[in-house]
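Student: need the 3D shape of this:
(chains A, B, C and D)
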Protein chains: 2
Amino acid sequence: MTSVPPSDSSAIRVAVSTVIFSLRSRPGADALMIPLVRRTRDPFDGSWALPGGWLDEAEGLDDAAARTLAETTALSPSYLEQLYAFGDVDRSPARVVSVVYWALLRSDLVDAQRAADDAPENVEWFDVDDLPALAFDHNRIVDYAVWRLRNKVGYSRIAHGLLPDEFTLSELREVYEAVLGRRLDPSNFRRLLEGSEALIPTESFRTGKHRPARLFRYNSEVELADRGPGFPG
Amino acid sequence: MTSVPPSDSSAIRVAVSTVIFSLRSRPGADALMIPLVRRTRDPFDGSWALPGGWLDEAEGLDDAAARTLAETTALSPSYLEQLYAFGDVDRSPARVVSVVYWALLRSDLVDAQRAADDAPENVEWFDVDDLPALAFDHNRIVDYAVWRLRNKVGYSRIAHGLLPDEFTLSELREVYEAVLGRRLDPSNFRRLLEGSEALIPTESFRTGKHRPARLFRYNSEVELADRGPGFPG
DNA sequence: CCAAAAGTGTTCACGATACACCCATGC
DNA sequence: GCATGGGTGTATCGTGAACACTTTTGG
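Tutor: Alright, predicted model coming up:
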């Protein structure tokens, strides 16, 4: 507990990266996707890596995560939470401590942004179940982020962060199925969420090939989930 | 995503601190205790703070946590897990990112160590429900660590990290009661843990004022809990 | 014998699962 | 009409909580 760090401490850099989840509609089941950035210099020149950047001295960790996320996707997340701080000595040629966040993006906004022409360069979306070998320890980081997302979807109500404001119960169930990787019983799923206070039914219906489905909206007064210190208390 | 940090990034220091939990026997219910260190220089000269220190360039985050923990208590933890990275700009006069860990110590080892004369100076144990105003944002950090511990005790089997190798079911139940802050039904508690694979009965008994209680040992083959990336997968 | 903790057995409420069934729409 | 997804009802199973009861010790 000295108050002045030893001189070699200044050789440690702090970076912030983010695992950004969104959904892509697929014929069978929706796929969990994340954006990766192609590196343009060593180390790992040419490899895909998580979006991120150096922590600026004048910004907090959360701000840095939101900033690098916006630089990558030009979008703001519907959910953002710290994942873990990675600081093994050998995880990079230089000594870097990476504070990693994970985020959810509404799939409709991602689709709109990809269609627009101001989409960032060097960014590509990958299915989390079909990733290339990433730079640094980023494969391990993504694995852990997926594990945390699956876990959290099991006991909290954050899945709607991947959907537009209004959605049908089937759409929400498909989000759960994509994240959890297994089928859910439609009727039990319905009861589970109608019983909770989390969903507010609207008077609108989504018309399709079959019977129209009622649209729901999320109740913003419901506590989503613990996002770290300060939220639980 | 530059490969060289901007010059002002070097002004950010990385510290590692640990919230170390142990139990003190009390007449009514056991109390959750943590050790604090009295600061001997500014900022917050004279205030109590979490044990910790600067991250050395040659050690990983986990190693740094274990090192500062050993420097404070001269003991090795029975459980150690990263809690959160705190990096608000204004949490300290200098720019410091603190990677905080939390740990469990067996209460018998703590008692023995306090009785010995090589106990570290400037360290004192405090009841987590009766803390003074701490340096920096450390009160908030402790609150979050307590919340995480309570949470984790609810769904995993880490409570024995606060007990010796062998213990009675009543002792284990009292640990849960101290951590959770509420009474548990002895008979249901017994069934819950006897049903799991976590406990191994021994042929020894603890004799006291009443009927002797069988001693149990923890099954080390049982997965304790997720401690971060690498453990779940 | 009595008090108190150790340990056993029984019951009940509730949530998750499985699944049978009706409803409304496009074709 | 019929296929299909939307939506309702109901039986079952496993788990946790509540609690009555027996056992074994010290005093």
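
Student: what's the closest non-adjacent residue to A:Ala49?
Tutor: In this structure, A:Ala49 finds its nearest non-sequential neighbour in A:Ala135, 4.0 Å apart by CB to CB, 6 or more residues apart in numbering or on different chains. (Glycine included, C-beta is placed from N, CA and C.)

Student: from memory that neighbour sits against A:Asp42, does it?
Tutor: No. Counting by CB atoms under 8 Å, A:Ala135 does not reach A:Asp42; the two are 10.2 Å apart.

Student: looking at these two, which is more packed in?
Tutor: A:Ala135 (19 against 9; other CB atoms under 10 Å in any protein chain shown).

Student: what about stretch A:23-39, how long is it end to end?
Tutor: In stretch A:23-39, first residue to last residue: 24 Å (CA to CA, to the nearest Å).

Student: stretch A:117-136 too?
Tutor: Terminal residues of stretch A:117-136 are spaced 30 Å apart (CA to CA).

Student: same check, this time on stretch A:128-145
Tutor: Length of stretch A:128-145, first residue to last, CA to CA: 10 Å.

Student: buried sites along it?
Tutor: For stretch A:128-145, the neighbour count (16 or more other CB atoms under 10 Å in any protein chain shown) marks A:Val128, A:Leu134, A:Ala135, A:Phe136, A:Asp137, A:His138, A:Ile141, A:Val142, A:Asp143, A:Tyr144, A:Ala145 as buried.

Student: farthest pair in the residues you listed?
Tutor: Across those, the longest distance by CB to CB is 17.2 Å; it joins A:Val128 and A:Phe136.

Student: any idea how far the most centrally placed residue in chain A is from B:Pro43?
Tutor: By CA atoms, centre = their mean, chain A has its centre lying nearest to A:Ala103, at 2.8 Å. To B:Pro43, A:Ala103 is 33 Å away according to CB to CB, to the nearest Å.

Student: with A:Ser187 instead?
Tutor: Remark: distance between A:Ser187 and B:Pro43 (CB to CB) = 59 Å.

Student: OK, contacts around the nearest residue to A:Pro51 once chain neighbours are set aside?
Tutor: Leaving aside its chain neighbours, A:Pro51 sits nearest to A:Thr72 (3.7 Å; criterion: CB to CB, 6+ apart). Contact partners of A:Thr72, counting by CB atoms under 8 Å, 6 or more residues apart in numbering or on different chains, are A:Thr18, A:Ile20, A:Pro35, A:Val37, A:Pro51, A:Pro120, A:Val123.

Student: got phi/psi on A:Thr72?
Tutor: Backbone torsions for A:Thr72, taken as degrees, to the nearest 10, come to phi -90, psi -40.

Student: do the same with the one 5 residues further on
Tutor: A:Pro77 has phi and psi values of phi -80, psi 150 when expressed as degrees, to the nearest 10.

Student: A:Ala198: neighbouring residues, count only.
Tutor: For A:Ala198, the neighbour count with other CB under 10 Å is 20.

Student: so what touches the helix or strand of chain A with the lowest mean pLDDT?
Tutor: In chain A, the helix or strand scored least confidently by mean pLDDT, DSSP states H and E is helix A:107-115, which has a mean of 88. Among residues not part of helix A:107-115, those counted as contacts by CB under 8 Å, 6+ apart are A:Ser22, A:Leu23, A:Arg24, A:Ser25, A:Thr73, A:Ala74, A:Leu75, A:Ala119, A:Trp125, A:Leu162, A:Leu163, A:Pro164.

Student: in helices only, show me those residues.
Tutor: Counting by DSSP state H, the contacts of helix A:107-115 place A:Thr73 in helices.

Student: neighbour-wise, give me the winner out of the contacts of helix A:107-115.
Tutor: Using other CB under 10 Å as the neighbour test, the contacts of helix A:107-115 are led by A:Leu162, with 29 neighbours.

Student: so that one touches A:Leu149, yeah?
Tutor: No. A:Leu162 sits out of contact with A:Leu149 when judged by CB under 8 Å, with a separation of 9.9 Å.

Student: what is in contact with the two at once?
Tutor: Common contact partners of A:Leu162 and A:Leu149 (CB under 8 Å, 6+ apart): A:Phe21.

Student: separation between A:Asn113 and A:Pro35?
Tutor: Asn isn't right for residue A:113; it's Gln. Distance, A:Gln113 to A:Pro35, using CB to CB: 10 Å.

Student: who has more neighbours, the two?
Tutor: Taking neighbours as other CB under 10 Å, A:Gln113 and A:Pro35 compare with A:Pro35 leading, 24 against 15.

Student: hmm, the more buried one is touching A:Thr18, no?
Tutor: No. Judged on CB under 8 Å, A:Pro35 makes no contact with A:Thr18 at a distance of 9.3 Å.

Student: need the overlap of contacts for the two.
Tutor: Shared contacts of A:Pro35 and A:Thr18, defined by CB under 8 Å, 6+ apart, are found at A:Pro51, A:Thr72.

Student: any idea how far the residue nearest to A:Ala159 when sequence neighbours are not counted lies from DNA strand C?
Tutor: In space, A:Ala159 comes closest to A:Val175 once its chain neighbours are excluded; the distance is 4.6 Å by CB to CB, 6+ apart. In this view, A:Val175 and DNA strand C are 16 Å apart by CB to the nearest atom of the strand, to the nearest Å.

Student: mind listing what A:Val175 touches?
Tutor: Taking CB under 8 Å, 6+ apart as the test, what A:Val175 contacts is A:Leu23, A:Asp30, A:Ala159, A:His160, A:Leu162, A:Leu163.

Student: inside strands: which ones of those residues?
Tutor: Cross-referencing the contacts of A:Val175 against strands under DSSP state E gives A:Leu23.

Student: pLDDT-wise, what's the bottom of the contacts of A:Val175?
Tutor: Within the set of the contacts of A:Val175, pLDDT is lowest for A:Asp30 (89).

Student: one step back: and A:Ser187 and B:Pro43? which has more neighbours close in?
Tutor: B:Pro43 (12 against 8).
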